[in-house]
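> how would this look folded up:
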Amino acid sequence: MSKHGRVLVAMSGGIDSTVTAMMLHEQGYEVIGITMKTWDYANSGGSHKETGCCSLDSINDARQVAVDVGFHHFIIDIREEFGDYVIDNFVDEYLAGRTPNPCVLCNTHIKWNALLKRADALDCEFIATGHYARIRELDGRRYISRAKDGLKDQSYVLWGLSQECLRRSRFPLGSYTKPEVRQMAADWGYTSLSKKAESYEICFVPDNDYRGFLKRRVDGLEERVRGGKFVNAKGEVIGRHKGYPFYTVGQRKGLGVAFGEPMYVTEIQPETNTVVLGHVDELVRNGMAVGQANLMKYAELPTGMEAVTKIRYKDHGTLSRLRQQGDKVEVEFLAHVRGVAPGQSAVFYEGDDVVGGGIILNSSLNGAAGI
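Prediction:
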C-alpha cells in the first residue's frame, strides 16, 4: 500500500510533468499518469508541424516515463469538450472585441474537471500537475501562492480553481526553481528531456498566428470585417483597418498604417467595426470592473481591502483598492495603469498569496468602472 495515497498526474511529455511524476513516486505516492489529447492541430489548417502536449512524440515521451518507472499510464481524448468550450469561447471573445485568455479557461473548466472525473474513476485521492505554484491554507480555505521561482511562477493562470480542486491538487514544483527541475531530470537519466525546449504558444495556435486561426475557423470572417475605420478619441477617421477582431487593446505594432508617431489601440467597438487609436497616455485607466470572480484566500473580501492587481501574466501588478459586489469586484487602481484589456484575467495578490481573480469586464478613467 502506498505511503501517501494514490495520485493522478497530468503528463504532457514535458520536463515539468515528468519530474512531478518522478518526485511523487519517490515520495511514496502510488502514481497513475494521464495524458490528455486536447487538440488536433491538423484540423486547424495551420502550416506548422504539430508540437507540444498534443503531439504523438509528447504522448510517447509521457508513456515511456511510466514504463521506465513502472506505473500505469492512460491517454484520454477530450478534444470534443475542449473544442466546444475553450475554442468556441476564444473565437466568441475576439468577435466581441475582447482579448481572451484560453489557458485560464482551460485550467478552470476543462483540465481540472477532466482530471477529477478520471481521478474518481481510478480511486485517486489527489491530482497533480507540473505547474509552478504553491497551495496554502488559512482558516480551512485553500489558496494559491506564488512559486519559489519568480520567473516561472504560474499562479496567475490558476485563479479560477475551486476549493474542491485545491483540496485535491498537488504542485510539487512550487518549491523548486526551473534549473533545479532540469537537474533532477538529468539525475534521473532523462538528459535529453532536461534540455527539451518549452512551448509558450496557445496549444491550438502553435504558429502563434491567432488572426489566421480566426480566419480559418469562421467562414467569411475576413470579408465581413475588412475595411473598418481607425478613429481617434474624438471620433475622427484617421485610417482603415483589416477588421476589428484582428486587434487587441494596447497593440502598437502591426496596425498596417503609418501615422508618423506611435499609436496604440485604446478601444475596440465591434458593433461598428471601429478601432479607436490614441497616444500612449490615452491607454491610462484608473479603475476597472471584474466579473466571474473566484475568491480563494477569503470567503468574502474584507471591507476596503487593498491588494496588488495583475492584469496580464507578465504584469508586475499595481496596488489597488477592491470592493466586492456578488461575483463582481470593483477595482480602483492607486496608480495609473496602461492597457486594461476586457476579456483578460485580473488576479489579486496579498503578498505572494492569490486572494482571487476574475475576467476584466471594462475599464474607467475615473475610478472603478460601473458594474
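
> Give me the domain ranges for this structure.
Following the assignment in automatic domain parsing, the chain carries domains at 6-194, 219-278, 282-364.

> can you put these in CSV and add mean neighbour count?
Glycine gets a C-beta too; all of them are placed from N, C-alpha and C. Shown next, in CSV, are the domains of the chain (neighbours: other C-beta atoms under 10 Å):
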stretch, mean neighbour count
domain 6-194, 19
domain 219-278, 16
domain 282-364, 19
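
> Please dump the ones you listed into JSON lines; it should also carry distance to Y210 and mean pLDDT for every row.
Output for the domains of the chain, formatted as JSON lines (distance: least, C-beta to C-beta, whole Å; pLDDT from 0 to 100):
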{"stretch": "domain 6-194", "distance to Y210": "8", "mean pLDDT": "90"}
{"stretch": "domain 219-278", "distance to Y210": "9", "mean pLDDT": "94"}
{"stretch": "domain 282-364", "distance to Y210": "13", "mean pLDDT": "96"}
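
> Do you have the helices of the stretch 151-300 of the chain handy? List them.
163-168, 178-187, 191-194, 210-217, 221-225 (DSSP state H, counting those that start in this stretch).

> Quick one: those helices as JSON lines, columns for distance to L138 too.
Below are the helices of the stretch 151-300 of the chain laid out as JSON lines (distance: least, C-beta to C-beta, whole Å):
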{"stretch": "helix 163-168", "distance to L138": "12"}
{"stretch": "helix 178-187", "distance to L138": "27"}
{"stretch": "helix 191-194", "distance to L138": "36"}
{"stretch": "helix 210-217", "distance to L138": "38"}
{"stretch": "helix 221-225", "distance to L138": "47"}
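
> Which of the ones you listed sits closest to L115?
helix 163-168 (8.7 Å; C-beta to C-beta).

> And V354, which helix or strand is it part of?
strand 353-364 (DSSP states H and E).

> Output the contacting helices and strands for that strand.
strand 141-145, strand 284-295, strand 328-338, strand 345-350 (3 or more C-beta pairs under 8 Å, 6 or more residues apart in numbering; DSSP states H and E).

> Export only the CA atoms of the second one, formatted as CSV.
Extracted as CSV, the C-alpha positions of strand 284-295 are listed here (Å, rounded to 0.1, in the frame of the first residue of the first chain):
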residue,chain,number,x,y,z
VAL,A,284,-4.2,55.0,-18.9
ARG,A,285,-7.0,53.8,-16.7
ASN,A,286,-7.8,54.4,-13.0
GLY,A,287,-10.1,51.5,-12.4
MET,A,288,-12.0,48.6,-13.9
ALA,A,289,-14.8,46.1,-13.3
VAL,A,290,-14.0,42.4,-12.9
GLY,A,291,-16.6,39.7,-13.3
GLN,A,292,-16.9,35.9,-12.7
ALA,A,293,-14.8,36.5,-9.6
ASN,A,294,-13.5,33.4,-7.7
LEU,A,295,-12.2,34.2,-4.2
